[in-house]
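Colleague: Have a look at this prediction, sequence included:
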Amino acid sequence: MSDLFWLTDARMARLAPYFPKAYGKPRVDDRRVLSGIIFIIRNGLRWRDAPTAYGPHKTLYSRWRHWSEKCIFARMMAGLAAEHGEETTVMIDATYLKAHRTATSMAGQKGGRGRLIGRTKGGMNTKLHAICDSQGRPLELLITAGQVSDYIGARALLSSLPKVKWLLGDRGHDADWLREALQDKGISACIPGRKQRKTPVKYDKRRYKRRSRIEIMFGRLKDWRHVVIRYDRCPKVFLSAIALAALVIYWL
């Protein structure tokens, strides 16, 4: 029992406002079920291999699928992350997540398209785009197919940027339209220029070094086995795994 993960009363109190209402028959113990889901996602286990202390594995899986399809875990992460209080600096970056053959299988018609999995030099991948605060805590998450460029992901996240003074990004986010959009928002871009640029772009190299914190954030997320390797065909379910990892690591 001591090696198993259990949510504390304080953590459950923070998550409770995001639980969907139960209609008809009351749900089984939320703490037990959610603790079991976190244990499975973190350790990359099959649902049938869940420790008996968490109850029937079918209950864990049913709750996971049902709440993932309703984006409950993503809402939990977004709701708690909204309390970030960041006013100075945010960072943006993207990383590849390897897709397992069970996620890339195209057998059957259901789910054959729209899985947000693409072929890259490293094989079949999904790309995770993220915005984090100056402490390296994730604020917004987005997944795309692996071949999608970083600045296209930035376009989708642009409206989610909080009111800050600086945005740190790597060369993959160097685009004139992005710099202009940030300027319109009153945000200064600390993004080095691409090597193809004829006119070099000036940026604050000392400030840029702080971007390592978002790389550390990606590394911590990838410690969770269901995140570093994508087993789920459904993008909503996979994003839920990432949001759950970010929630437990940084916001609870």
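Modeller: Sure thing, it's come through.
Colleague: only C-alpha atoms for contact and neighbour calcs from this point on.
Modeller: Noted.
Colleague: Which residues belonging to the helix or strand hosting R119 are considered buried?
Modeller: Using DSSP states H and E, R119 falls within strand 118-120. For strand 118-120, a neighbour-count test (16 or more other C-alpha atoms under 10 Å) marks G118 as buried.
Colleague: same deal with stretch 120-132?
Modeller: Those would be 124-132, for stretch 120-132 by 16+ other C-alpha under 10 Å.
Colleague: for the worst-scoring helix or strand of the chain on mean pLDDT, packing partners?
Modeller: Of all helical and strand segments in the chain, the minimum by mean pLDDT, DSSP states H and E falls on helix 101-104, at a mean of 87. Using 3 or more C-alpha pairs under 8 Å, 6 or more residues apart in numbering; DSSP states H and E as the contact test, no helix or strand touches helix 101-104.
Colleague: All the helices of the stretch 151-252 of the chain, residue numbers only.
Modeller: Secondary structure of the stretch 151-252 of the chain (DSSP state H, counting those that start in this stretch): helices located at 176-184, 205-208, 212-221, 225-228, 235-246.
Colleague: pLDDT (mean, whole number) over the second one?
Modeller: Across helix 205-208, pLDDT averages out at 93.
Colleague: Need the contact partners of that helix.
Modeller: Contacts to helix 205-208, defined as C-alpha atoms under 8 Å, 6 or more residues apart in numbering, come from residues 168-169, 190-191.
Colleague: and if you look at the first one?
Modeller: Applying C-alpha under 8 Å, 6+ apart, the set of residues contacting helix 176-184 from outside is 151, 155, 188-189.
Colleague: From those residues, which land in strands?
Modeller: In this view, the contacts of helix 176-184 that belong to strands under DSSP state E are 188-189.
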